[in-house]
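Chemist: Turn this into a model:
(chains A, B, C and D)
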Protein chains: 2
Amino acid sequence: MSTTSTAPTGRRARTRQRLIDHGLELIERQGYEQTTAAQIAAAAGVTEMTFFRHFATKEQLVLEDPYDPFLASGIGEQPRELPPLRRAAAGILAVWRSLPEPEQPEIRRRVRIAARTPALRGAMWRSTGNTEAAIVAQLVDDGTDPLDARVAASAVLAALVTGLYAWADGEVETLGAAIERALAVVGADRD
Amino acid sequence: MSTTSTAPTGRRARTRQRLIDHGLELIERQGYEQTTAAQIAAAAGVTEMTFFRHFATKEQLVLEDPYDPFLASGIGEQPRELPPLRRAAAGILAVWRSLPEPEQPEIRRRVRIAARTPALRGAMWRSTGNTEAAIVAQLVDDGTDPLDARVAASAVLAALVTGLYAWADGEVETLGAAIERALAVVGADRD
DNA sequence: GCGACTATGTTAGTGACTAACATTTCCCTC
DNA sequence: GAGGGAAATGTTAGTCACTAACATAGTCGC
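Modeler: Residues are numbered from 1 along each chain as shown, chains lettered A, B, ... in the order given. Next up is the predicted model:
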């Protein structure tokens, strides 16, 4: 096997990347609804069918899960006396602070498109499913009632996504600042 | 003008009601994706075109905003010392407690369908737009920073919707109990 | 170079919607 | 209780997201 496990370079990977590049550019220029899958495919030098073989839906071209179930991993280290919402928020904040800064320009481009496209704002919630499940599992593991855990997880992710939108729109300088503020509102630090 | 402002009974209203009745029944029996707009229209004795004249999208047949911007009206009466998330949660809880019990069977039917249909879970967030805006406006009016207000509003609504799902799925006995629990998790009462 | 496998192309279809125009049904007025 | 005009619905012909079945073309190990 090749050692370049992080950046595959086969034919399929190249086609996929062309679809992403041309797709995001077209969508930013013309808007999401005004850009058809066929257009993107043509721009990438490929047929519509091939587009859908790479992305099950048009949404997925934009919403390549920017979320990460890994975010939930810090929750277990938070004091159990805290109520679930604050434990979740504090745990995510701790993980975030320990992470290297991610690929911001690419993520921001995607989030900005999602923030401006009503149809995608809804889809964004679906794409957080894995992360939400991970947060719920972690909270329940630590003894939280399952319903309370689901409520807390959805609230924390809603706050996070809202913060991301603000960052993508330029209301907040850095991604880090947006996340810190969003999590503060849901009680990551004591209020 | 007629005095029956609450229950229109014209031809259009009757057609709309037939579409809702047959639509919800078909969808509950066969699933949302498996039920086409044409099927629903035929069951209601009209054409597909008429269906879309009553509901801009198939989603809207199910998601006739069960949310109410009126929920935001109690936020102004909460103490301003509270952080925004808790003010929003406490305000909504206060309004809820002051309301008469709504039409539960109909709402529950809709929420249950939405809870079981991934495509609708995303759409549900879009349909809370008005309520979210009302909460944000109320918080900002009372002096909250706009970004914090948006984060708090989205978190409160996420909690509410998650509670509603649990109620529709039968995990919580009453709608009231579901709402109280969901709002408690986001700090409606002191923790 | 040659097969096996993978990536892409072709064709034909379904279903959610939209636009433009024709037709029916209701209801209000005289 | 006709008649006219608006509201409600029907018809037709599309576009676009997405799917299925089968055909072709690159690619890679050997």
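Chemist: what separates residue A:117 from DNA strand D, distance-wise?
Modeler: Distance, residue A:117 to DNA strand D, by Cβ to the nearest atom of the strand, to the nearest Å: 12 Å. Every residue, glycine included, has its C-beta placed from N, CA and C.
Chemist: so that residue touches residue A:32, yeah?
Modeler: Yes. Contact criterion Cβ atoms under 8 Å: residue A:117 and residue A:32 qualify, at 4.3 Å.
Chemist: any residues in contact with both of these two?
Modeler: Listed as contacting both residue A:117 and residue A:32 by Cβ atoms under 8 Å, 6 or more residues apart in numbering or on different chains are residue A:62.
Chemist: near DNA strand D, which residues of chain A?
Modeler: When proximity is defined as Cβ under 7 Å from any atom of the strand, chain A approaches DNA strand D at A:10-11, A:35-38, A:48-49, A:52, A:56-59.
Chemist: if we go to 10 Å?
Modeler: When proximity is defined by Cβ under 10 Å from any atom of the strand, chain A lies next to DNA strand D at A:1-2, A:9-12, A:14, A:32-41, A:47-53, A:55-61, A:119, A:123.
Chemist: so which of these also contact chain B?
Modeler: When the residues of chain A next to DNA strand D are filtered against chain B using Cβ under 8 Å from any Cβ of the partner chain, the residues retained are residue A:123.
Chemist: Show me the domain layout of chain A.
Modeler: Chain A is divided into the following domains under automatic domain parsing: A:11-61, A:69-185.
Chemist: Quick one: mean pLDDT for the first one?
Modeler: Averaging pLDDT along domain A:11-61 yields 97.
Chemist: Tell me how far it lies from the chain's centre.
Modeler: Between the mean C-alpha point of domain A:11-61 and the mean C-alpha point of its chain there is a distance of 19 Å (Cα atoms, centre = their mean, to the nearest Å).
Chemist: Find the closest residue to DNA strand C in chain A.
Modeler: Ranking the residues of chain A by distance to DNA strand C (Cβ to the nearest atom of the strand) places residue A:15 first, at 3.0 Å.
Chemist: So for that residue, what's the nearest residue that isn't a sequence neighbour?
Modeler: Distance criterion Cβ to Cβ, 6 or more residues apart in numbering or on different chains; nearest residue to residue A:15, sequence neighbours excluded, is residue A:46 at 6.1 Å.
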